[in-house]
Every structure is written in C-alpha cells, then in structure tokens.
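*Asks:* have a look; sequence and predicted model below, questions after that.
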Amino acid sequence: MLPVQLRPSRPDDLDFVTRLSGDVFNVFGAYDEFLPRYLNHPQVITTVAQLGVDRVGFTMLAMVMSEEPLPWRTTPRRELERADEEALPSMWVDAEMVAIAVAPPWQEKGIGRQMLD
C-alpha cells in the first residue's frame, strides 16, 4: 500500500483541485469551474491526498443539516416518533461525497480506497 498522507486543504491547493477536476470530471461538464468553489465553502470538508510532496488526489465531503431526516434515511420518521421522543435529534446532519478524484498517473493503486477509508 502506498504511504498516502491525508490533510485538510489549504488555499494553495486551488490550482491542484482545479486542474485535477478538469482532468477527471470534465467529460461530465465544466467541473473545473465549479468544484474549486467548494474549497472555501463552510459546509464542505476538502481533504488532499499526498505522496511525499506530490498531491495525488482530493475528496470533498458536504455536511447537510436539516430539521427533518433526509428522504433516503432507512428509518422513517413515523417509526422514530414511536421511539423515545427525547432520543430524536433536534437537527439532522448528513454527509454527501461531492467529489473524489485521483490524478490519472496514480489511479488503480489503492489511493481512492485509502481516501474513502
């Protein structure tokens, strides 16, 4: 397994995220234009994967807060209401993986799996 280090993104990662977004996702649209905007979003956690000094990938995880559980929750609200009412959270927090990208030369080497783990 490659010795990947994961760290929070920094302002100097903007060019890397922009370039890699274009390399990996632009077949689906102009991802190199909008994904980098998430770097400074307060509800998005961006993590950069490094091998030594080389940046090789990134993930973006969005935190979604709501007063009601999101529709894909496995336990319907009505079943939760039958449970102890005090156990219900006043705010629901879900996470959505906005993006996971590995630079093409480093793909298929287990880096994406390490980032997900």
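*Replies:* Everything's here; your move.
*Asks:* only C-alpha atoms for contact and neighbour calcs from this point on.
*Replies:* Will do.
*Asks:* in the helix or strand hosting residue 6, which residues are buried?
*Replies:* Using DSSP states H and E, residue 6 maps to strand 5-8. For strand 5-8, a neighbour-count test (16 or more other C-alpha atoms under 10 Å) marks 5, 6 as buried.
*Asks:* quick one: buried residues of the helix or strand following it?
*Replies:* Proceeding N to C from strand 5-8, the next assigned helix or strand is helix 14-25, under DSSP H and E. Neighbour-count burial for helix 14-25 flags 16, 17, 18, 20, 21, 22, 23, 24, 25 (criterion: 16+ other C-alpha under 10 Å).
*Asks:* cool, stretch 49-64 as well?
*Replies:* 49, 50, 55, 56, 57, 58, 59, 60, 61, 62.
*Asks:* same check, this time on stretch 110-117
*Replies:* Neighbour-count burial for stretch 110-117, counted by 16+ other C-alpha under 10 Å, picks out 111, 112, 115.
*Asks:* which members of the buried residues of stretch 49-64 occur in helices, if any?
*Replies:* Residues of the buried residues of stretch 49-64 located in helices (DSSP state H): none.
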